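Student: sequence-free structure coming up:
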């Protein structure tokens with residue numbers, strides 16, 4: 001018997017806005033993007049999250065926030 005599963009995720013952009021600060025690599029403007037992430041397992045919705053991602057508008061790098 002063989003067990004296989006299909007897991008897929010979909011991302012949908014909800015909105016963008018300018019974030020405070022500048023890129024540490026090139027000094028460009030930072031933009032915040034709200035993304036809706038929905039994970040499915042065999043066509044059944046398993047997880048629904050809204051995440052905020054930060055990236056630079058000049059060099060297009062994804063930026064991470066590090067907490068102390």
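Tutor: Nice, thanks for sending it over. This is a predicted model, so every value here is computed, not measured. Residues are numbered from 1 along each chain as shown.

Student: now the residue most central in space within the chain: which helix or strand?
Tutor: Nearest to the mean C-alpha position of the chain, by Cα atoms, centre = their mean, lies residue 53 at 4.7 Å. Counting by DSSP states H and E, the element that carries residue 53 is strand 44-56.

Student: what element comes up after that strand heading to the C-terminus?
Tutor: Moving toward the C-terminus from strand 44-56, the next helix or strand (DSSP H and E) is strand 62-63.

Student: packing partners of that following strand?
Tutor: strand 44-56 (3 or more Cβ pairs under 8 Å, 6 or more residues apart in numbering; DSSP states H and E). From N, CA and C alone the C-beta is placed, and that goes for glycine too.

Student: mind listing what the strand it packs on pairs with, with the direction of each?
Tutor: Note on strand 44-56: by DSSP bridges, its sheet partners are strand 29-41 (antiparallel), strand 62-63 (antiparallel).

Student: switch these over to TSV; also include distance to residue 9 and mean neighbour count.
Tutor: As requested, those are exported to TSV (distance: least, Cβ to Cβ, whole Å; neighbours: other Cβ atoms under 10 Å):
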stretch	distance to residue 9	mean neighbour count
strand 29-41	5	14
strand 62-63	17	14
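
Student: centre of the chain versus the strand holding residue 53, how much separation?
Tutor: 6 Å (Cα atoms, centre = their mean, to the nearest Å).

Student: show me where pLDDT drops low in this structure?
Tutor: Residue ranges of the chain with pLDDT under 70: 1-7, 68.

Student: for the chain, which strand is longest?
Tutor: Using DSSP state E, we find that the single longest strand of the chain is strand 7-22.

Student: which other helices and strands contact that strand?
Tutor: Against strand 7-22 (3+ Cβ pairs under 8 Å, 6+ apart) you get strand 29-41.

Student: circling back to that earlier point, kindly calculate the angle that the strand holding residue 53 makes with strand 7-22.
Tutor: 20 degrees (axes from the mean of the first three to the mean of the last three Cα atoms, to 10 degrees).

Student: related to what we said a few turns ago, the longest strand of the chain: which residues count as buried?
Tutor: residue 19 (16 or more other Cβ atoms under 10 Å).
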